[in-house]
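Student: Fold the following and give me the result.
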Amino acid sequence: MIVCSYLLFINLFAYVLMGVDKKRAIRGKWRISENTLWLTAIIGGAIGSILGMNKFRHKTKHATFTYGMPFVLLLQLFLLVYLVYLYS
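Tutor: Predicted coordinates for the structure are as follows:
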């Protein structure tokens with residue numbers, strides 16, 4: 001239950017970060033660093049990051065994001081399958 005709550009929170013947070021960064025980019029204001037966007041995805045928010053990228057059309061022209069985020073998601077899914085297999 002705690003893991004599910006964490007994943008829900010971190011993915012919602014990653015989604016919102018993409019939207020906020022896009023809005024700030026349009027307005028020419030201070031931006032959220034790419035390192036922060038990546039860190040949020042790596043610690044479990046890859047799905048939220050990908051959904052945010054597509055919804056807000058943000059970072060979609062950056063190859064590191066368009067290919068990297070799905071790669072992070074695949075790694076997380078493999079890790080999840082491995083952990084379920086290991087502990088079942």
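Student: going forward, measure contacts and count neighbours with C-alpha atoms only.
Tutor: OK.
Student: Arg31 reaches Gly19, doesn't it?
Tutor: No. Using C-alpha atoms under 8 Å, Arg31 is not in contact with Gly19; the gap is 11.2 Å.
Student: what about these two, which has more around it?
Tutor: Each of Arg31 and Gly19 has its neighbours counted (other C-alpha atoms under 10 Å); Gly19 has more, 19 against 13.
Student: secondary structure element for the more buried one?
Tutor: Following DSSP states H and E, one finds Gly19 within helix 2-27.
Student: hmm, who's touching the next helix or strand after that helix?
Tutor: With elements assigned by DSSP H and E, the helix or strand that comes after helix 2-27 is helix 34-40. The contact list for helix 34-40 (C-alpha atoms under 8 Å, 6 or more residues apart in numbering) reads Ile10, Ala14, Leu17, Met18, Ala46, Ser49.
Student: out of the residues you listed, who has the most neighbours?
Tutor: Of all those, the most densely surrounded is Ser49 (31 neighbours; neighbours counted as other C-alpha under 10 Å).
Student: Which is the succeeding secondary structure element to the helix or strand encompassing it?
Tutor: Ser49 belongs to helix 46-56 when assigned by DSSP H and E. Per DSSP H and E, the first helix or strand lying C-terminal to helix 46-56 is helix 63-86.
Student: So which bits of that following helix are buried?
Tutor: Of all the residues in helix 63-86, those buried under the rule 16 or more other C-alpha atoms under 10 Å are Phe65, Thr66, Gly68, Met69, Pro70, Val72, Leu73, Gln76.
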